[in-house]
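1. missing the sequence, but the structure's below:
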């Protein structure tokens, strides 16, 4: 759904909205319904908080100008940073943990991108989406074909300069996942926003994660009684 949220002062209290809910399910108990209504109120508050955060993100001041001479190799040839925008004014980049030192790419990144593959054409109607990794292009394309990805645009960061500048290389020169958003306004390319949650910002007992989580996998598992668990991660093959 598109964002058309009202100012907070105009909103009906979440608990009242929850009490207006009309759904019930076969053979549920009164205890279940009371607990579900309480949970529904929290879910409404969560939805509203997500909207508040999104408004704050959209209201950020202009970010730093992109001045690096970044060069990439794509399936259609070499291009510079501006070329990643195509005909769009906003660019979303995902730095894929598939550097030349890796025999195979990161399973977690691959799970995320497999989900995004199904949305890539829709995303591309509004913004440009580029997947960037440090492996040579032929390795990226070979894995793309192996996975059956058709719509994601993969690019090799030829000299690693972009990856170093935008937090996709660790202090130990290893791969790091990085989600960055850039804008092109009045002919100037700027950084807009990045996911900045990492080990330093993680809560006890949790892996670092963003919010909202960009991985649909975890969103689905969080709706189940088992949850996402603490000892399971996606694999490249099962």
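-> Alright, I've got the coordinates. Predicted model only: the values in this text are computed from it and were never measured. Residues are numbered from 1 along each chain as shown.
2. tell me which residues in stretch 131-146 are buried?
-> 131-135, 137, 139-141, 143-144 (16 or more other CB atoms under 10 Å). Where you see a C-beta, it was placed from the backbone N, CA and C, and this is true even at glycine.
3. and the protein, what are its domains?
-> 1-59, 71-194 (automatic domain parsing).
4. returning to that earlier point: farthest-apart pair in the buried residues of stretch 131-146, please.
-> Largest separation among these by CB to CB: 134 and 144, giving 15.3 Å.
5. still on that earlier bit, which stretch in the domains of the chain has the least confidence?
-> Among those, domain 1-59 carries the lowest mean pLDDT, a mean of 90.
6. narrow the buried residues of stretch 131-146 to those in helices?
-> 137, 139-141, 143-144 (DSSP state H).
7. find the nearest non-adjacent residue to residue 123, please.
-> Leaving aside its chain neighbours, residue 123 sits nearest to residue 129 (5.1 Å; criterion: CB to CB, 6 or more residues apart in numbering).
8. residue contacts, the most centrally placed residue in the chain?
-> Nearest to the mean C-alpha position of the chain, by CA atoms, centre = their mean, lies residue 214 at 3.4 Å. By CB atoms under 8 Å, 6 or more residues apart in numbering, the contact set of residue 214 is 112, 179, 195.
9. my read is it is in a helix, agree?
-> No. Under the criterion used here (DSSP: H, G, I helix; E, B strand; the rest coil), residue 214 is coil, not part of a helix.
10. how near is it to residue 111?
-> Note on residue 214: its distance to residue 111, by CB to CB, to the nearest Å, is 11 Å.
11. before we move on, back to that, in TSV, list the contacts of residue 214 along with secondary structure, neighbour count and distance to residue 155.
-> As requested, the contacts of residue 214 are arranged in TSV below (DSSP: H, G, I helix; E, B strand; the rest coil; neighbours: other CB atoms under 10 Å; distance: CB to CB, whole Å):
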residue	secondary structure	neighbour count	distance to residue 155
112	helix	23	17
179	strand	18	15
195	coil	17	19
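12. name the element the closest residue in space to residue 165 that isn't next to it in sequence belongs to?
-> Residue nearest to residue 165 in three dimensions, not counting chain neighbours: residue 68, with 5.4 Å by CB to CB, 6+ apart. Using DSSP states H and E, residue 68 sits within no helix or strand.
13. and residue 68, what does it touch?
-> Going by CB under 8 Å, 6+ apart, residue 68 touches 81, 161-162, 165.
14. pull out the buried members of those.
-> With burial judged by 16+ other CB under 10 Å, the buried subset of the contacts of residue 68 is 81, 162, 165.
15. the residues you listed in helices, which ones?
-> Among the buried ones among the contacts of residue 68, DSSP H puts 162, 165 in helices.
16. and the buried ones among the contacts of residue 68, which is closest to residue 122?
-> residue 81 (24.1 Å).
17. surely that closest one and residue 93 touch.
-> No. Residue 81 lies out of contact with residue 93 (CB atoms under 8 Å); the separation is 9.5 Å.
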